[in-house]
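A.B. asks: I would like the atomic coordinates for the input below:
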Amino acid sequence: MKTPALPDEHLPPPICQQRIAQLLASGERKILGLVAPPGAGKSTLAETLMALYPQHMQGVPMDGFHLANSELERLGRHQRKGAPDTFDAAGFVNLLRRLKNQSSAETIYAPEFRRDMEEPIAGAIAIAPDTPLVITEGNYLLLDDWPWVQVREVVDEIWYLDVPNELRHQRLLARHMRFGRSRAQALDWIANTDEPNALRISQSRQYADVCVPWA
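C.D. replies: Prediction:
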């Protein structure tokens, strides 16, 4: 399979393309997971890979399974939005199982998280049955907690993205400010929400199939 030409600075590391070639070789539906702490660039890598393999890959981000803001308020978890218990983890696992066993006559619809609204939107992503490789990215694909631990039973391969912490923090600060937080609010959210989650995610690194440098 010929890879489309892109400038070298836009290409993922060679190990990514090698492993994707292996996943595609069987001709069967495969699911690839990308995991890393907030701000590591999971979405960017997923989008880059889908641009390289547009006929072979579609994406289903874990963030589509954020609980709605109204439910987070009801549960008293809105200030911890992004923590493991602020997602519909069981729903995410069930969707992955459906995607793994998708029939040739079925289109499966997945939710998408809209940052401009800070809400998930149901049925926003249509996964065609003839797509050989589905890529999913999120923070908690390697957690040992139930039901997150079931993700490893369904996903064929999980990559952990290695990114310098300073770069992650810069990206997080820019992201939070781009979507309406002041600098002080962004720094507070990073310190009290993003970084505690990042520490927990980094402790799951050992379970990844491969670690990918992604700066």
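A.B. asks: Pull out the buried residues from the helix or strand harbouring residue 126.
C.D. replies: If you go by DSSP states H and E, residue 126 is part of strand 119-127. Neighbour-count burial for strand 119-127, counted by 16 or more other Cβ atoms under 10 Å, picks out 120, 125, 127. For glycine as for every other residue, the C-beta is placed from the backbone atoms N, C-alpha and C.
A.B. asks: go on, stretch 140-153?
C.D. replies: By 16+ other Cβ under 10 Å, the buried positions in stretch 140-153 come out as 140, 141, 142, 143, 148, 150, 151, 152.
A.B. asks: Now that the fourth one has come up, it's in contact with residue 204, right?
C.D. replies: Yes. Shown here, residue 143 and residue 204 form a contact pair, counting by Cβ atoms under 8 Å, at 5.9 Å.
A.B. asks: Need the residues touching each of those two.
C.D. replies: Here residue 143 and residue 204 share no contacting residue, scored by Cβ atoms under 8 Å, 6 or more residues apart in numbering.
A.B. asks: returning to what we had before: quick check: next helix or strand after the strand holding residue 126?
C.D. replies: strand 133-138.
A.B. asks: Contacts for the helix or strand just after that following strand, please.
C.D. replies: Note on strand 133-138: by DSSP H and E, the next helix or strand toward the C-terminus is helix 151-154. Residues from elsewhere that reach helix 151-154, judged by Cβ under 8 Å, 6+ apart: 31, 33, 92-93, 96-97, 100, 140-143, 158, 207.
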